[in-house]
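1. can't give you the sequence, but here's the structure:
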Ligand code: GLN
Ligand code: ZN
């Protein structure tokens with residue numbers, strides 16, 4: 001039995017890589033120093049893994065920005081527009097790389113970045129390769145070779161990791177019509193050959209090829225590509241030891257395909273899909289090893305050793321010790337680095353957790369437990385682990401019977417508004433008396449450095465709570481006055497009191513814990529620190545009522561109450577694994593429901609529940625969508641349906657392609673939905689039009705991601721376009737998303753243009 005790791009976080013224990021990259025981009029750090037930072041992180045990671053006792057340690061899992069972009073550069077898939085930069089400035093390889101990641105706007109050049117999208121169902125984003133019909137491939141960057149050699153220098157023969165050829169093609173996009181990117185496989189394979197040749201020269205013993213697409217729904221053509229690519233590789237490299245890594249789901253109907261590939265070891269994710277062990281063991285050919293992904297690579301919970309040992313023993317019985325590898329379920333890229341920096345976490349909670357560093361120990365300990373359980377030191381570790389599990393199962397911090405009971409007694413009625421939309425709309429209109437094309441914003445206003453400095457000073461005790469609140473209230477007052485002046489119809493308080501739309505609520509709800517240093521890479525140098533939902537979630541007291549009420553007291557126009565929805569809170573946190581996600585989501589839904597009802601009681605007539613993450617929660621396999629959508633939609637409805645017909649519920653979503661889930665979006669039954677639309681020139685609305693979306697819609701009329709101020713005429717054009725597919729009486733007028741990343745001057749101008757455009761539209765009625 002051997003242990004291995006699929007990948008280690010590369011941001012550095014204290015986000016050293018983030019800091020170095022950002023300084024480099026700002027021109028404040030020479031390239032040599034950035035390279036040096038990378039080298040130090042790699043060395044530290046290798047040493048740490050070696051010391052923890054992992055047998056096969058990965059290399060090339062390090063990346064300055066993204067592992068898919070690394071492969072893109074390795075294979076020379078550089079879109080034409082970057083050659084302007086290459087020819088004009090003959091830049092360092094790293095500068096071409098960063099230009100592809102971030103765009104390039106200097107030295108008289110203006111080159112856009114590659115598109116970025118989510119890595120399967122994680123919160124990590126990768127850069128999408130662009131393929132042309134006559135795409136050529138050339139082994140262009142020898143990063144993987146260099147890193148393998150670098151580890152050799154420190155005495156380690158590491159296992160190079162790279163994205164397998166079929167997944168690499170599938171991750172990309174055809175940038176012109178008339179071809180299928182899978183047809184490029186023949187041209188791509190020589191790059192892999194070149195890499196393997198050099199790695200063989202360097203005496204690499206193992207190579208890990210990641211093919212996560214093997215857990216997805218695959219077309220016949222993709223299946224053929226897998227069979228073909230691996231046959232070709234094997235022909236050329238009969239002796240290469242290949243570990244084929246799959247993760248994030250089970251192989252399911254691709255099991256026969258995967259086990260027929262001529263590789264040495266197959267890695268499977270037994271955290272996401274423990275049920276696949278049995279069929280995989282039955283299907284595994286005799287020459288193939290099996291890597292058991294048993295330690296959760298993308299959540300923060302301590303492994304339950306007893307549970308896992310059962311899995312390992314089952315595998316041993318069937319295929320023996322020698323063919324088994326133990327590993328985390330996927331790359332540890334998705335875990336925070338180390339628990340050792342958490343000095344403020346409640347120790348009771350801390351003992352239930354394992355971050356990347358601790359997960360390595362778990363993998364090694366599991367091997368010891370499987371191989372020499374009689375050793376006292378090993379027994380000691382097992383005992384400790386069992387104690388931690390027992391403490392978690394029974395902890396008073398976690399379990400609140402009332403919360404559990406409340407979830408169990410949710411009725412259909414709790415998840416349904418009192419009357420259908422048409423009736424509600426009439427009552428709400430009587431109450432609110434809004435004009436046609438009502439104008440509003442999505443919630444947040446600019447978080448100026450001043451506002452942020454108040455929060456920082458409040459948090460470190462420099463100013464008292466009263467003072468802090470007064471400062472925020474002044475800011476709210478200004479925002480309300482100003483919204484009245486330009487003539488918006490539905491106002492917001494501006495969300496100045498919030499750092500982050502999930503953290504803000506997590507901090508006020510029971511069942512959430514926060515780390516000091518639990519950073520995880522989201523994309524490039526951007527890292528996030530997701531809250532940890534460890535226990536039953538409930539709301540000890542109102543969270544937003546004071547702010548909304550204050551804002552409403554300043555004006556006769558309606559001010560929207562502003563909440564984050566249960567699915568989004570769930571999706572952007574580390575979620576407990578001791579009960580189904582659905583259960584946790586419904587607990588959050590009830591807490592939000594209480595807040596909604598309290599806002600209504602306080603006289604707030606419009607309440608927005610943001611659900612930007614509802615689409616990204618979709619399972620990887622289409623056959624699992626319905627089950628997810630059923631409970632996700634239910635959670636939203638539970639959160640929103642506690643109010644009277646007269647109270648108007650809004651929801652907001654951004655970056656969403658709704659075409660394939662539009663009926664479920666409609667099923668959420670929000671009175672008004674605001675969506676991102678301006679960048680796609682209202683294309684998104686087609687889905688709503690085709691489906692005959694019944695409720696009101698606010699298609700975003702300008703892109704808030706750029707400081708550019710739209711002209712009234714542009715907004716008018718977009719609105720007219722929207723009017724051709726959605727009846728005018730259903731349309732609202734609003735920006736694409738919240739304005740917290742913008743500055744006031746451009747915000748003022750843009751919203752004034754927007755209000756003017758709405759006025760003009762009204763005239764046309
Ligand atoms: N209400 C939030 C805001 O305006 C919505 C943010 C989001 O959609 N991500 O900032
Ligand atoms: Zn948004």
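-> Noted; the coordinates are in hand. Just so you know, these numbers come straight off a predicted model, no measurement behind them. Ligands and ions are numbered 1, 2, ... in the order given.
2. how close does the residue nearest to residue 354 when sequence neighbours are not counted get to ligand 1?
-> The shortest distance from residue 354 to any non-neighbouring residue, by C-beta to C-beta, 6 or more residues apart in numbering, is to residue 302 (4.6 Å). In short, each C-beta sits where N, CA and C put it, glycine included. Distance, residue 302 to ligand 1, using C-beta to the nearest ligand atom, to the nearest Å: 32 Å.
3. who touches residue 302 in this structure?
-> By C-beta atoms under 8 Å, 6 or more residues apart in numbering, the residues touching residue 302 are 351-354, 358, 362, 385, 388-389.
4. quick check: phi and psi at it.
-> phi -60, psi 140 (degrees, to the nearest 10).
5. and for residue 245?
-> Dihedral angles (degrees, to the nearest 10) for residue 245: phi -100, psi 130.
6. ok, it to ligand 2 distance?
-> 34 Å (C-beta to the ion, to the nearest Å).
7. now do that residue, the pLDDT please.
-> pLDDT, residue 245: 99.
8. just residue 677 next, same as before
-> 86.
9. so it makes contact with residue 684?
-> Yes. Counting by C-beta atoms under 8 Å, residue 677 touches residue 684, with 5.1 Å between them.
10. identify the contacts common to the two.
-> residue 699.
11. tell me which of those two has more neighbours.
-> residue 677 (25 against 20; other C-beta atoms under 10 Å).
12. once you drop chain neighbours, what's closest to that one?
-> That would be residue 699: by C-beta to C-beta, 6+ apart, it lies 3.8 Å from residue 677.
13. next one: residue 93
-> residue 141 (6.1 Å).
14. contact partners for whichever residue of the chain sits closest to ligand 1?
-> Nearest to ligand 1 in the chain, going by C-beta to the nearest ligand atom, is residue 738, at a distance of 2.0 Å. The contact partners of residue 738, by C-beta under 8 Å, 6+ apart, come to 441-444, 495, 704.
15. in JSON lines, list those along with distance to ligand 1.
-> Formatted as JSON lines, these follow (distance: C-beta to the nearest ligand atom, whole Å):
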{"residue": "441", "distance to ligand 1": "7"}
{"residue": "442", "distance to ligand 1": "4"}
{"residue": "443", "distance to ligand 1": "3"}
{"residue": "444", "distance to ligand 1": "3"}
{"residue": "495", "distance to ligand 1": "6"}
{"residue": "704", "distance to ligand 1": "9"}
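16. in JSON lines, list these along with pLDDT, neighbour count and distance to residue 239.
-> Shown next, in JSON lines, are these (pLDDT from 0 to 100; neighbours: other C-beta atoms under 10 Å; distance: C-beta to C-beta, whole Å):
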{"residue": "441", "pLDDT": "98", "neighbour count": "25", "distance to residue 239": "63"}
{"residue": "442", "pLDDT": "98", "neighbour count": "26", "distance to residue 239": "58"}
{"residue": "443", "pLDDT": "98", "neighbour count": "25", "distance to residue 239": "60"}
{"residue": "444", "pLDDT": "98", "neighbour count": "21", "distance to residue 239": "58"}
{"residue": "495", "pLDDT": "98", "neighbour count": "23", "distance to residue 239": "60"}
{"residue": "704", "pLDDT": "89", "neighbour count": "24", "distance to residue 239": "55"}
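17. quick revisit: quick check: the residue nearest to residue 93 touching residue 74?
-> Yes. Between residue 141 and residue 74 there is a contact under C-beta under 8 Å: 5.0 Å.
18. looking at these two, which one has more neighbours?
-> residue 74 (25 against 19).
19. what residues of the lowest-mean-pLDDT helix or strand in the chain count as buried?
-> Least confident helix or strand, the chain: helix 685-691 with a mean of 87, by mean pLDDT, DSSP states H and E. For helix 685-691, burial by neighbour count (16 or more other C-beta atoms under 10 Å) applies to 685, 687-689.
20. which ones among those come in contact with ligand 1?
-> With C-beta under 6 Å from any ligand atom as the criterion, those include none near ligand 1.
21. before we move on, back to that, who does the residue nearest to residue 677 bridge with?
-> residue 675 (DSSP bridges).
22. what residues sit buried inside stretch 436-456?
-> Quick answer for stretch 436-456 (16+ other C-beta under 10 Å): 437-447, 451, 454-455.
23. gap between the residue nearest to residue 211 when sequence neighbours are not counted and residue 244?
-> Leaving aside its chain neighbours, residue 211 sits nearest to residue 164 (4.0 Å; criterion: C-beta to C-beta, 6+ apart). Distance, residue 164 to residue 244, using C-beta to C-beta, to the nearest Å: 7 Å.
24. which neighbours do these two have in common?
-> 209, 211.
25. circling back: most widely separated two among the contacts of residue 738?
-> Greatest spatial distance among those (C-beta to C-beta): 495 and 704, at 13.7 Å.
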